[in-house]
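>>> compute the structure for the input listed below.
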Amino acid sequence: MAQFTLIARNNIDRPGCHISRGTTFDITINVMGITPNNLFNNPRCADQLARQFKINGIDLPMTDRGVFSKGAWDIQMTNR
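From the prediction side, this is the model:
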(Lines give C-alpha, C1' and ligand atoms only; values in the text may rest on other atoms or scores of the structure.)
Protein backbone atom coordinates (compact mmCIF):
# COMPACT_ATOMS: atom_id res chain seq x y z
CA MET A 1 0.00 0.00 0.00
CA ALA A 2 1.43 3.35 -1.07
CA GLN A 3 0.56 6.67 0.55
CA PHE A 4 1.13 10.04 -1.06
CA THR A 5 0.61 13.71 -0.34
CA LEU A 6 -0.38 15.69 -3.43
CA ILE A 7 0.17 19.46 -3.44
CA ALA A 8 -1.47 21.55 -6.18
CA ARG A 9 1.20 23.37 -8.20
CA ASN A 10 -1.25 25.97 -9.56
CA ASN A 11 -4.86 27.01 -9.18
CA ILE A 12 -7.15 24.51 -10.91
CA ASP A 13 -10.57 25.83 -11.95
CA ARG A 14 -13.26 23.56 -13.34
CA PRO A 15 -17.04 23.99 -13.33
CA GLY A 16 -18.09 23.21 -9.77
CA CYS A 17 -14.53 22.61 -8.60
CA HIS A 18 -11.76 24.98 -7.51
CA ILE A 19 -8.44 23.78 -6.13
CA SER A 20 -6.17 26.53 -4.85
CA ARG A 21 -2.43 26.43 -5.37
CA GLY A 22 -0.81 24.74 -2.37
CA THR A 23 -3.88 22.67 -1.45
CA THR A 24 -2.84 19.24 -0.19
CA PHE A 25 -4.57 15.89 -0.47
CA ASP A 26 -3.62 12.59 1.17
CA ILE A 27 -3.98 9.67 -1.22
CA THR A 28 -3.69 5.93 -0.46
CA ILE A 29 -3.25 3.46 -3.32
CA ASN A 30 -3.52 -0.27 -2.61
CA VAL A 31 -1.23 -1.39 -5.42
CA MET A 32 2.35 -2.48 -4.87
CA GLY A 33 5.13 -0.79 -6.80
CA ILE A 34 3.47 2.62 -7.24
CA THR A 35 5.85 5.57 -6.97
CA PRO A 36 5.43 9.33 -7.42
CA ASN A 37 6.79 8.95 -10.95
CA ASN A 38 4.16 6.47 -12.12
CA LEU A 39 1.16 7.35 -9.94
CA PHE A 40 -0.83 9.01 -12.75
CA ASN A 41 0.49 6.83 -15.58
CA ASN A 42 -0.26 3.40 -14.14
CA PRO A 43 -3.57 1.92 -15.34
CA ARG A 44 -3.63 -0.48 -12.37
CA CYS A 45 -4.31 2.37 -9.94
CA ALA A 46 -6.54 4.65 -12.09
CA ASP A 47 -9.82 3.60 -10.40
CA GLN A 48 -8.34 3.89 -6.93
CA LEU A 49 -6.90 7.30 -7.76
CA ALA A 50 -10.30 8.54 -8.99
CA ARG A 51 -11.95 7.15 -5.84
CA GLN A 52 -9.40 8.90 -3.61
CA PHE A 53 -10.00 12.20 -5.40
CA LYS A 54 -13.77 11.77 -4.88
CA ILE A 55 -13.19 11.17 -1.18
CA ASN A 56 -11.36 14.51 -1.13
CA GLY A 57 -14.22 16.29 -2.92
CA ILE A 58 -12.90 16.22 -6.49
CA ASP A 59 -15.49 14.53 -8.69
CA LEU A 60 -14.12 15.02 -12.21
CA PRO A 61 -13.70 12.57 -15.11
CA MET A 62 -10.37 10.76 -15.40
CA THR A 63 -10.01 12.30 -18.85
CA ASP A 64 -9.43 15.75 -17.30
CA ARG A 65 -5.66 15.95 -17.77
CA GLY A 66 -5.48 19.26 -15.92
CA VAL A 67 -6.29 17.40 -12.70
CA PHE A 68 -5.33 13.78 -13.38
CA SER A 69 -1.74 14.35 -14.43
CA LYS A 70 1.61 14.42 -12.71
CA GLY A 71 2.23 17.96 -13.95
CA ALA A 72 -0.60 19.40 -11.85
CA TRP A 73 0.81 18.17 -8.54
CA ASP A 74 3.94 18.01 -6.42
CA ILE A 75 3.85 14.41 -5.25
CA GLN A 76 5.49 13.23 -2.04
CA MET A 77 5.52 9.63 -0.89
CA THR A 78 4.64 9.44 2.81
CA ASN A 79 5.05 6.79 5.47
CA ARG A 80 2.21 6.48 7.95
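>>> how far away is the residue lying farthest from the centre of the chain from Gly33?
Distance from the C-alpha centroid of the chain, by Cα atoms, centre = their mean, peaks at Pro15 (18.2 Å). Look at Pro15 and Gly33: by Cβ to Cβ, to the nearest Å, they are 35 Å apart. In short, each C-beta sits where N, CA and C put it, glycine included.
>>> and the residue farthest from the centre of the chain, how far from Pro43?
Using Cβ to Cβ, Pro15 is found at 27 Å from Pro43.
>>> end to end on stretch 30-44, go ahead and measure it.
10 Å (Cα to Cα, to the nearest Å).
>>> check stretch 31-46 too.
Termini of stretch 31-46 sit 10 Å apart (Cα to Cα).
>>> ok, residues contacting that stretch?
Defining contact as Cβ atoms under 8 Å, 6 or more residues apart in numbering, one finds that stretch 31-46 is touched by 1-2, 4, 27, 29, 48-49, 62, 68-70, 75-77.
>>> adding neighbour count and secondary structure, write those residues out as CSV.
Formatted as CSV, the contacts of stretch 31-46 follow (neighbours: other Cβ atoms under 10 Å; DSSP: H, G, I helix; E, B strand; the rest coil):
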residue, neighbour count, secondary structure
Met1, 9, coil
Ala2, 19, strand
Phe4, 20, strand
Ile27, 22, strand
Ile29, 18, strand
Gln48, 17, helix
Leu49, 20, helix
Met62, 13, coil
Phe68, 18, coil
Ser69, 11, coil
Lys70, 15, helix
Ile75, 16, strand
Gln76, 12, strand
Met77, 13, strand
